[in-house]
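Colleague: One predicted model, sequence on top.
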Amino acid sequence: MKTTIDLPDELIEKAMLATSSKTKIEAIKKALINIIELEERKKLINFRGKVNLDIDLDILRDRKALL
C-alpha cells in the first residue's frame, strides 16, 4: 500500500540508526513490526493467571489411557 506521510527527519534518522536500516522504508517497516509484536506480547501477558491449565501429564503421556 502506498501512503504519503509527513515524518520529522530527525525521528526517521534515529529510527534508521536504532534499527541499522539502510532505507527509510526499511526503518518504518521494522518499527511497525516492533510495535505489533510488543502489543501482541502485552495481550498475552494479560492472560497470566487467567487460564486454568489443570493438566495431568501422566495421563497425557500414556496414550493407552486416552483410548
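Modeller: Nice, thanks for sending it over. Residues are numbered from 1 along each chain as shown.

Colleague: drop to CA atoms for contacts and neighbour counts, all remaining ones
Modeller: Noted.

Colleague: Mind naming the longest helix for the chain?
Modeller: Longest helix of the chain, by residue count under DSSP state H: helix 24-45.

Colleague: Could you count how many residues lie near Met16?
Modeller: The local packing of Met16 (other Cα atoms under 10 Å) involves 20 other residues.

Colleague: swap that for Lys29, sorry
Modeller: 12.

Colleague: related to what we said a few turns ago, next one: the longest helix of the chain to chain centre, how far?
Modeller: In terms of Cα atoms, centre = their mean, to the nearest Å, the centre of helix 24-45 is found 6 Å from the chain centre.

Colleague: Need the residues that contact that helix.
Modeller: Ile12, Ala15, Met16, Thr19, Ser20, Ser21 (Cα atoms under 8 Å, 6 or more residues apart in numbering).

Colleague: Counting neighbours, which of these comes out on top?
Modeller: Met16 (20 neighbours).

Colleague: dump the residue contacts of that one.
Modeller: Lys22, Thr23, Lys24, Ala27 are the contacts of Met16 under Cα under 8 Å, 6+ apart.

Colleague: which secondary structure element contains it?
Modeller: helix 9-19 (DSSP states H and E).

Colleague: what's the average pLDDT for that helix?
Modeller: Mean pLDDT, helix 9-19: 95.

Colleague: pLDDT at the residue lying closest to Thr19 once chain neighbours are set aside, what is it?
Modeller: Among residues not flanking Thr19 along the chain, Ala27 sits closest, at 6.3 Å (Cα to Cα, 6 or more residues apart in numbering). At Ala27, the pLDDT value in this model is 96.

Colleague: Distance from the chain centre to whichever strand or helix holds Asp58, please.
Modeller: Take DSSP H and E as the rule and Asp58 turns out to sit in helix 57-61. Distance of helix 57-61 from the chain centroid (Cα atoms, centre = their mean) equals 32 Å.

Colleague: Ok, stretch 41-49 next?
Modeller: Distance, centroid of stretch 41-49 to centroid of chain: 12 Å (Cα atoms, centre = their mean).
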